[in-house]
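Enquirer: Any chance you can model this:
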Amino acid sequence: MNSDLLKTICIFASLASFTLIYTPVHGQETQAADPSPTSVDSQKSKNDPVYIAPEPIVVIVTASRGPTVNDAPVATTVMSQQQISTTPAQSPDGILREVPSVSLPRNDSHFLHPTGQAIAIRGLGRGRTLVLADGVPLNDPFGGWIQWNKIPLVDVNRVEIVRGASSNLYGNLAMAGVVQYFTAPTDEKRFFSQFEGGNLDTYHGAFNAAGPLSDGLSGSIHGDIFRTNGYPLVLRQGPVDTPAGFESNNGGVKLTWKPNAQLSSFLSANYYSDFRDSGSRRSDNNWWFGDGASGIDYRTDGGSHWQFRLFGGGEKFSNNNVSINAARTTEIRTLHQYIPVENIGGSLVWWKAFGSQHALTFGFDNRMITAENKEHSYSSTTGVLNGKPHAKGNQELMGLFGEWSYTPIEQVTLTAGLRYDHWWNFHADSTSRTGVFTDFSDQDKGAFNPRFGVVYRVTPEFGLRTATYTGFRAPNLNELYRSFGNNPTTLGNPALGPERVYGVEAGLDWSPVRPLRFNLTGFYDKITDMIQTLTVNATTLQRFNVGAARSYGVEFDSQYRPIESLTFTASYALTMAYVTEYKEDPRLIGKWISSVPRQQGAVTVRWADPEWVDVTLRMRAEGIQFANDLNTFKLPGYVTLDFYLARELVKNTQAFVTVNNLLDKQVITGRNATVTNIGAPVTAMGGVKVRF
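Expert: Numbering: from 1, shown residues only. Take a look at the predicted model:
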């Protein structure tokens, strides 16, 4: 799709719907001030067509990790439970496709290989965004991949997205931003179940229940099962191609104890497993997780707040890769991979607000990771076993951070933060396919990451903000020690150092009238020491810290709510992300960062009336992007429509229909010299929801 046409569509749709999403500055989702009881608006009834129900102020904890005395200079988006429950998305990653500057793989996570599940923010490339679920990292500790479906969509209460480096608070992986999913509290009595089925032989069942168990004690339980036969992933199919089926099982329990207003603690345990057919008879993989978390929150009489978190668990990943000939008539198994991983982590955070002018936050966090990569390698021409490569290693990451928020006058808030991270790589070794053993030296490195920002609230409805920051990402165990493949072989590099980002952003937030909110943000980021895979010789590739890249652009996010039941939202992002330095291969200078669209946008219309019908129509568009670093494989732009419709049948029971890719557009999701991959066709699901 022509990029100018895409831009015109997005801008026209935004103007036509009078939308722009206002995502307030810093740790609060704010609206225009509610009218006083004596104002004219306060006399309007809920039957008045211009009445808009007031919405509560929401503290965006992901943006602050502590108290807020006013606003802070971060670009944030909050997706509420109502938005999530009426979204056309059929997976947890799908609800992020409305957020500006957030770039996901073009295919739904149900049909992606696990190592291809990732997210990019502001054009910095995949693997550089931290994803959390109730404060626990969701990024795979071995390779940084994200298993989105560990989060049951029906259990998500809200999502917070912070765009821009947040390494000053979160350290590793947060160099592009942070996404955090929150589940509903256990002390709210509820029961919810959902059953649905659709084309591609797909069905899904889920439930969650919560409520008080005794004085101060409450609990919740959830379960989720998903099955689909899928569809063939390639455009030109052969005898070896089969539908990419997917099945998952998810369950968990949580107990919360609140003996008084000052003390709260919780304990949770979760299980997840999935199995995927990767599009041919002999390629498949499965993933198993078992993890848990616990925490204590304590508020002192003096206003201090202490928060302690402990989490950990294990996972096992099994994967079979194949080599398929150009005619797609034969396939030969080339790799069986088995990766067990264990990790444990925790944090201790203290914060306190000092009147209306000062707030302080201090914290410490730590995470330890142990992983092995066990492989059976087979000849790509004969299928004969030719080696058993093996690698293992340990990594520990520790961080100390602090943040000060100061409001010298009511209209101005200053925020300054600093974090020091140190990480250790140790007890690592590998055995190559040919049997060569290497014992790697232990290493340790550190990094400082400051952030400083200013907010000027010109009026209660209009604010300006700016910030400057740095961020980093430490190389993971996969990049450091794992070697894989055969002709060519990709080697790890134990000498890798961290990637760094240096950036600045500025924006405005405005609510000119009560139903209308919007924000506009410009950003500029420079990445140095990018971890890339380079060609060493005809049969060998290896990862190196090389080159630099630049990403700059604008993001626009908006909402217009003329009446209580009707909401228009729109978003648009223009991102210029390209390589600026690459001494080992000058051909890459000026090339776009792969898998990042230059333009993207979404327009959504929601009608939510519990007594009549809930309807959501969402248009999403992306401009062209490239599937590889040399920009030789172009992925055309696209526009798709998604749809959601629900109506109450009887009290507490609702029938619904969800349709993704309503017009059955063919979306090119990947491409190389011999294969073109395509996205899912129209996928329709229908079922019932029961809620008490």
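Enquirer: what's the straight distance from one end of stretch 538-554 to the other?
Expert: Stretch 538-554 has an end-to-end distance of 41 Å (criterion: Cα to Cα, to the nearest Å).
Enquirer: Name the nearest residue to N321, sequence neighbours excluded.
Expert: L335 (4.1 Å; Cβ to Cβ, 6 or more residues apart in numbering). All C-beta atoms are positioned from the backbone trio N, CA, C, and that covers glycine.
Enquirer: Against R282, how distant is the one you found?
Expert: Distance of L335 to R282, given as Cβ to Cβ, to the nearest Å: 11 Å.
Enquirer: Which neighbours do these two have in common?
Expert: N320 (Cβ atoms under 8 Å, 6 or more residues apart in numbering).
Enquirer: For T256, list the residues it contacts.
Expert: Here T256 is in contact with P185, T186, D187, L217, S218, G219, S264, S265, F266 (criterion: Cβ under 8 Å, 6+ apart).
Enquirer: Could you report the distance from the fourth one to Y638?
Expert: Right, the one you point to is L217. Taken as Cβ to Cβ, the span from L217 to Y638 is 50 Å.
Enquirer: got it, and the fifth one?
Expert: For S218, the distance to Y638 equals 45 Å [Cβ to Cβ].
Enquirer: give me the beta-bridge partners of the closest residue to Q411 other than its chain neighbours?
Expert: What sits nearest to Q411 in space, not counting adjacent residues and going by Cβ to Cβ, 6+ apart, is R457, at 4.7 Å. Beta-bridge pairing for R457 (DSSP bridges): G463.
Enquirer: Pull the number of nearby residues for R457.
Expert: 20 (other Cβ atoms under 10 Å).
Enquirer: circling back: how about the residue nearest to N321, what does it touch?
Expert: Counting by Cβ under 8 Å, 6+ apart, L335 has contacts N319, N320, N321, E375, H376, S377, Y378, F484, G485, N486.
Enquirer: repeat for G471
Expert: Counting by Cβ under 8 Å, 6+ apart, the residues that G471 touches are A165, S166, S167, A174, M175, A176, N449, R500, V501, G503.
Enquirer: so which strand or helix has it?
Expert: strand 462-473 (DSSP states H and E).
Enquirer: Are any of the contacts of L335 buried, and if so which?
Expert: N319, N320, N321, E375, H376, S377, Y378, F484, G485, N486 (16 or more other Cβ atoms under 10 Å).
Enquirer: Quick check, the fifth one in contact with H336.
Expert: Read that as H376. Yes: contact status for H376 versus H336: in contact at 4.3 Å, counting by Cβ atoms under 8 Å.
Enquirer: Where does the prediction get shaky in the stretch 151-300 of the chain?
Expert: The model of the stretch 151-300 of the chain has no residue with pLDDT under 70.
Enquirer: hang on, I meant the chain
Expert: Low-confidence segments of the chain (pLDDT under 70): 1-59, 67-70, 485-487.
Enquirer: let's go with 50 and repeat that
Expert: Within the chain, the ranges that satisfy pLDDT under 50 run 1-57.
Enquirer: Could you pull up the residues touching P389?
Expert: Going by Cβ under 8 Å, 6+ apart, P389 touches N373, E375, S377, S430, T431, S432, R433, S483, F484.
Enquirer: Tell me the one among those nearest to G123.
Expert: Nearest to G123 among these, counting by Cβ to Cβ, is F484 at 27.7 Å.
Enquirer: buried sites along stretch 348-359?
Expert: Residues of stretch 348-359 classed as buried: V349, W350, W351, K352, A353, A359 (neighbour count, 16+ other Cβ under 10 Å).
Enquirer: What of stretch 252-270?
Expert: G252, V253, K254, L255, T256, W257, K258, S264, F266, S268, N270.
Enquirer: Same check on stretch 568-580?
Expert: By 16+ other Cβ under 10 Å, the buried positions in stretch 568-580 come out as F568, T569, A570, S571, Y572, A573, L574, T575, A577, Y578, V579.
Enquirer: Next, format the residues you listed as CSV and append secondary structure and distance to E315.
Expert: Shown next, in CSV, are these (DSSP: H, G, I helix; E, B strand; the rest coil; distance: Cβ to Cβ, whole Å):
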residue, secondary structure, distance to E315
F568, strand, 41
T569, strand, 36
A570, strand, 39
S571, strand, 34
Y572, strand, 37
A573, strand, 33
L574, strand, 38
T575, strand, 33
A577, strand, 31
Y578, strand, 35
V579, strand, 33
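Enquirer: which one of those is nearest T330?
Expert: Nearest to T330 among those is V579, at 37.4 Å by Cβ to Cβ.
Enquirer: Give the bridge partners for that closest one, please.
Expert: Following DSSP bridges, V579 is listed with bridge partners A549.
Enquirer: For P408, see how far away it is.
Expert: In terms of Cβ to Cβ, V579 sits 42 Å off from P408.
Enquirer: Among the contacts of L335, which lie within strands?
Expert: N319, N320, N321, E375, H376, S377, Y378 (DSSP state E).
Enquirer: Between these, which sits nearest L516?
Expert: Closest to L516, out of all of those and judged by Cβ to Cβ, is N319, at 49.0 Å.
Enquirer: OK, contacts around A646?
Expert: By Cβ under 8 Å, 6+ apart, the contact set of A646 is T86, V613, D614, V615, Q654, A655, F656, V657, K689.
Enquirer: Could you dump those into TSV and include secondary structure, neighbour count and distance to A327?
Expert: Shown next, in TSV, are the contacts of A646 (DSSP: H, G, I helix; E, B strand; the rest coil; neighbours: other Cβ atoms under 10 Å; distance: Cβ to Cβ, whole Å):
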residue	secondary structure	neighbour count	distance to A327
T86	coil	20	46
V613	coil	14	51
D614	strand	20	49
V615	strand	18	47
Q654	strand	19	49
A655	strand	14	47
F656	strand	18	44
V657	strand	16	40
K689	strand	20	47
